[in-house]
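> Sharing a model that was predicted from the sequence below.
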Amino acid sequence: MNVLLVDDDFFVIKALESKINWTSLSVECVFSSYNVVQAREILLQHPIHILICDIEMPQGSGLDLLAWLRSEHYNLQAIILTNYADFNYAQKAIELQSFDYFLKPIEFDKLTLIIQKAIAKAREQQQNEQAIREGSLWNKNRKTILEDFWNKLILGKAFPSSPSSNAAFVVEPNLPYQADDLFLPVLVNLFPYAQSLGKNDKSLYDYSFLNVMYESFQSHLFSIEIITEIKEYNWMLILKWNGPPESEEVELLCSSFIRKANQFLKSDACCFLSVSRKLDQIRKAIQDLQQKNDTLIKHRNQTLLLEHVQSDETVYSPPDMVLLELLLNQGNYAAFLDETGTYLKTVMQGQVLDKSVLSLFRLDMIQLVYSHLKSREIQAHKLYTGKVNDQLFMQSLNSIEDLHHFLIYLVDTAANSLKFAEQSQSVIDEVKQYIHSHYGKDLSRTSLAEIVYLNPDYLARIFKKEMGIPLGTYIIQTRIAAAKRLLETTNQSVYAISTKVGYSNYSHFSKLFRQEAGCSPNEYRKKQHQRQG
């Protein structure tokens, strides 16, 4: 029985090592790490049965580590430590199937009892696994065992070291396979529409997807061994041939599935077929399929065969950059998108491209648009921030359609920003409104320019042109006006009012106030009280 301790506090680790009698608990090895990265390395190198882990760590939390363990199908007992009795932490720990949740400071007697229970649970699991291996629970757990086998194999956690060990590998877990059986991996990519369940209810969407998959791939030619999601919207299907492989039949079934995905799942889809292999070669076939899936640009609603993919590197040949720059400068954004769309169709015609090639095209387009905006005094690096931008950018190399969608977003955002920037009064009104709502905060040309995505110097010029006074003067006047209202209507100290309107330096505030009001803040308050009295 092995234990792994994870905590960024050196003294906590040493206390756990020394104050718990691990020998009496029948623990053979106690491993220690001070961050999540070290913990992962230990988990990859050694069998760990009990994990005792802190939540709050600077290089990744204990919950992050636990989520990774569950995603990688590690079957261990996790005891979570934390300084905070936060229900959200506890709830997340429960969702990730932690064994227990323990609050610091550590009471070692109580923690020892929890560890004893965790060890008992781990032993029970080991006994069940042994019983399964011996075949006593095989019929009852056949489906679970097969799913576990294939999940581990797909993730690279279970595989014979050589073809000669393949027979023992198959027999040892009592798998119903022969050495000559052939298997075909199929990787399915899904692209849910905005209105589909995939965007609103992923669990229900996955349930519907599996129903469509099992219905689409019914055939006497093969059996479905597993359908498992290897990452979001990427599913691996393993088929076992009942006779000689007939890949053309699988291509037809893939086409049928894609039509049903369009109709019933409200999603585009594409299928990527590997080559049929024996069990001792299947892991390599799966790896090749996943690697190509991750590196190739695909068209939606098509079926791609791995054996037809060229291994030669494709050289990036850029579009007519001079023409594209001219179209942007002319404000002819529709023609720009037409030109880039035609380019994408041309380069994809009759070939499969590596993502690294089209990432260069994407970079060229981003630089063109950024340069175009900069020439119009707009800060593109501020304009293109946020969740929508990040999501579209990350998805842009999933398919040609996704890349074109990203370009549309890029150009439309630029066009809307330029249109807004050309309306000086609208820009100034937004800046003024922000100043009046946030006069107590740190206001500068730079921070205000970020609100409207303009160059700070350019904003200062158009503000003075429209308002007749410098931007800095307007900020001072707004703050002093707010201070006057507070002096008239509240009993707050002048120092408190100074801080409230954005001046931490009281002397500086008094000087500015006297310049604007002709008297000190205290004198102003006294005059107003006399006038009201």
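Good, I have the coordinates.
> Every contact and neighbour count from this point should use C-alpha atoms.
Will do.
> Next, residue 520: phi, psi?
Per-residue torsions, residue 520: phi -80, psi 160 (degrees, to the nearest 10).
> This protein - how does it break down into domains?
Listed by automatic domain parsing, the domain ranges of the chain are 2-130, 145-153+174-308, 321-419, 425-532.
> List of residues touching stretch 396-405?
Outside stretch 396-405, the residues that touch it by CA atoms under 8 Å, 6 or more residues apart in numbering are 297-300, 341, 344, 355, 358-359, 362, 392, 395, 406.
> Among those, which one sits closest to residue 66?
Closest to residue 66 out of those is residue 395 (26.5 Å), distances taken as CA to CA.
> Let me know the helix or strand that the residue most central in space within the chain is in.
With distances taken as CA atoms, centre = their mean, the residue of the chain nearest its centroid is residue 391 (8.3 Å). Secondary structure assignment for residue 391, by DSSP states H and E: helix 387-395.
> Pick out the lowest-pLDDT one from the contacts of stretch 396-405.
pLDDT across the contacts of stretch 396-405 is lowest for residue 298, at 80.
> returning to what we had before: now render the domains of the chain as a markdown table, adding distance to residue 315.
Below are these laid out as a markdown table (distance: least, CA to CA, whole Å):
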| stretch | distance to residue 315 |
| --- | --- |
| domain 2-130 | 36 |
| domain 145-153+174-308 | 14 |
| domain 321-419 | 7 |
| domain 425-532 | 36 |
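> returning to that earlier point: residues of the helix holding residue 391 that come out buried?
Residues of helix 387-395 classed as buried: 392-393 (neighbour count, 16 or more other CA atoms under 10 Å).
> Determine the set of other helices and strands touching it.
If you count contacts as 3 or more CA pairs under 8 Å, 6 or more residues apart in numbering; DSSP states H and E, helix 387-395 packs onto helix 400-422.
> Tell me, how many residues neighbour residue 366?
As a burial measure, residue 366 scores 16 neighbours (other CA atoms under 10 Å).
> For it, which non-adjacent residue is closest in space?
Leaving aside its sequence neighbours, residue 366 sits nearest to residue 410 (CA to CA, 6 or more residues apart in numbering; 7.7 Å).
> how close does that neighbour sit to residue 391?
13 Å (CA to CA, to the nearest Å).
> same question, residue 340
Residue 340 is 21 Å from residue 391, by CA to CA.
> Over to residue 519?
With CA to CA as the criterion, residue 519 and residue 391 are 55 Å apart.
> again, but for residue 472
37 Å.
> How about residue 244?
Per CA to CA, residue 244 is found 43 Å from residue 391.
> so what's residue 389 up against?
By CA under 8 Å, 6+ apart, the contact list for residue 389 is empty.
> quick one, phi psi at residue 238?
phi -110, psi 120.
> That one and residue 147, how far apart?
Distance check for residue 238 against residue 147: by CA to CA, it reads 11 Å.
> Likewise for residue 30?
According to CA to CA, residue 30 and residue 147 sit 31 Å apart.
> quick check: mean pLDDT across the strand or helix carrying residue 485?
Assigned by DSSP H and E, residue 485 falls within helix 471-489. Computed over helix 471-489, the mean pLDDT rounds to 92.
> Which elements pack onto it?
Against helix 471-489 (3+ CA pairs under 8 Å, 6+ apart) you get helix 424-437, helix 456-467, helix 494-500, helix 506-517, helix 521-532.
> out of these, which comes closest to residue 371?
Using CA to CA, these put helix 456-467 closest to residue 371, at 16.1 Å.
> what's the offset of that closest one from the middle of its chain?
39 Å (CA atoms, centre = their mean, to the nearest Å).
> quick revisit: what about the residue nearest to residue 366, neighbour count?
19.
> okay, it: pLDDT?
94.
> Next: residue 378.
87.
> That one touches residue 453, doesn't it?
Yes. With contacts counted by CA atoms under 8 Å, residue 378 reaches residue 453, the gap being 5.6 Å.
> Neighbour count for the two, which is higher?
residue 378 (26 against 23).
> State the distance from that one to residue 30.
57 Å.
> Wait, residue 265 touches residue 195, no?
No. Using CA under 8 Å, residue 265 is not in contact with residue 195; the gap is 10.1 Å.
> Between those two, which is the more surrounded one?
Between residue 265 and residue 195, residue 265 has the larger neighbour count (other CA under 10 Å), namely 23 against 10.
> who touches the more buried one in this structure?
Counting by CA under 8 Å, 6+ apart, residue 265 touches 192, 196-197, 205, 208-209.
> quick one, strands of the stretch 201-350 of the chain?
Listed in chain order, the strands of the stretch 201-350 of the chain (DSSP state E, counting those that start in this stretch) span 222-231, 234-241, 267-273, 277-278, 303-305.
> What of the stretch 51-200 of the chain?
Going by DSSP E, counting those that start in this stretch, the stretch 51-200 of the chain shows strands at 77-82, 100-103, 182-192.
> TSV for these, including distance to residue 464, mean pLDDT and mean neighbour count?
Below are the strands of the stretch 51-200 of the chain laid out as TSV (distance: least, CA to CA, whole Å; pLDDT from 0 to 100; neighbours: other CA atoms under 10 Å):
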stretch	distance to residue 464	mean pLDDT	mean neighbour count
strand 77-82	55	83	23
strand 100-103	58	72	19
strand 182-192	49	94	24
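> is it possible to export those strands to CSV including distance to residue 222?
Below are these laid out as CSV (distance: least, CA to CA, whole Å):
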stretch, distance to residue 222
strand 77-82, 38
strand 100-103, 44
strand 182-192, 9
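> Compare these and give me the one nearest residue 477.
Among the strands of the stretch 51-200 of the chain, strand 77-82 sits nearest to residue 477 (CA to CA), with 49.5 Å.
> Starting from that closest one, tell me which strands it pairs with and how they run.
Strand 77-82 sits in its sheet next to strand 50-54 (parallel), strand 100-103 (parallel), going by DSSP bridges.
> Now the longest one: buried residues?
Yep, that's strand 50-54 we're talking about. For strand 50-54, the neighbour count (16+ other CA under 10 Å) marks 50-54 as buried.
> With pLDDT added, can I get those residues in TSV?
Output for those, formatted as TSV (pLDDT from 0 to 100):
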residue	pLDDT
50	89
51	89
52	89
53	87
54	86
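> The residues you listed into CSV, with extra columns for distance to residue 464?
Shown next, in CSV, are those (distance: CA to CA, whole Å):
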residue, distance to residue 464
50, 67
51, 63
52, 62
53, 58
54, 55
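> Any stretches of this structure with poor pLDDT?
Across the chain, the ranges flagged by pLDDT under 70 are 84-99, 101, 131-141, 157-174, 310-314, 350-352, 533.
> And stretch 335-352, what's buried?
In stretch 335-352, counting by 16+ other CA under 10 Å, buried: 336-337, 339-341, 344, 347, 352.
> scratch that, stretch 143-162
Neighbour counts using 16+ other CA under 10 Å place 145-146, 149-155, 159-160 of stretch 143-162 among the buried residues.
> So what's the residue count around residue 381?
12.
> And the host helix or strand of it, what does it pack against?
Using DSSP H and E, residue 381 maps to helix 380-383. With contacts defined as 3+ CA pairs under 8 Å, 6+ apart, helix 380-383 has these neighbours: helix 355-375.
> burial count for the nearest residue to residue 303 once chain neighbours are set aside?
Leaving out its chain neighbours, the residue that sits closest to residue 303 by CA to CA, 6+ apart is residue 271, at 4.6 Å. Residues near residue 271, counting by other CA under 10 Å, number 26.
> show me the contacts for residue 271.
186-189, 254, 301-304.
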